[in-house]
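Peer 1: sequence first, then the predicted structure, then my questions.
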Amino acid sequence: MLSLEEFRVRSRTCDVRKELVLVLISYLLLNVWFLVRSWSEVVGVL
């Protein structure tokens, strides 16, 4: 059996992982958005 403290620590690390994944996803989305914007500008110039 897990003790309550161990369970708390595990759920906390899980929360941290979720937050990290969310940050990574939003960062990737921002990069994609900037790429699409710059790409559309280049295409507009061409």
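Peer 2: Arrived safely, thanks for sending.
Peer 1: how about the nearest residue to Leu2, chain neighbours excluded?
Peer 2: Arg10 (7.5 Å; CB to CB, 6 or more residues apart in numbering). Where C-beta positions appear, they are placed from N, C-alpha and C, glycine not excepted.
Peer 1: that neighbour is in what secondary structure piece?
Peer 2: Arg10 belongs to helix 4-45 when assigned by DSSP states H and E.
Peer 1: how far does that helix sit from the chain's center?
Peer 2: 1 Å (CA atoms, centre = their mean, to the nearest Å).
Peer 1: which elements pack onto it?
Peer 2: Helices and strands touching helix 4-45, by 3 or more CB pairs under 8 Å, 6 or more residues apart in numbering; DSSP states H and E: there are none.
Peer 1: pLDDT averaged over that helix - what is it?
Peer 2: If you average the pLDDT over helix 4-45, you get 92.
Peer 1: mind checking how far Val43 is from Leu22?
Peer 2: Using CB to CB, to the nearest Å, Val43 is found at 31 Å from Leu22.
Peer 1: likewise Phe34?
Peer 2: Phe34 sits 19 Å away from Leu22 when distances are taken as CB to CB.
Peer 1: do Glu6 as well
Peer 2: Look at Glu6 and Leu22: by CB to CB, they are 25 Å apart.
Peer 1: same question for Phe7.
Peer 2: Phe7 sits 23 Å away from Leu22, going by CB to CB.
Peer 1: done for today, thanks.
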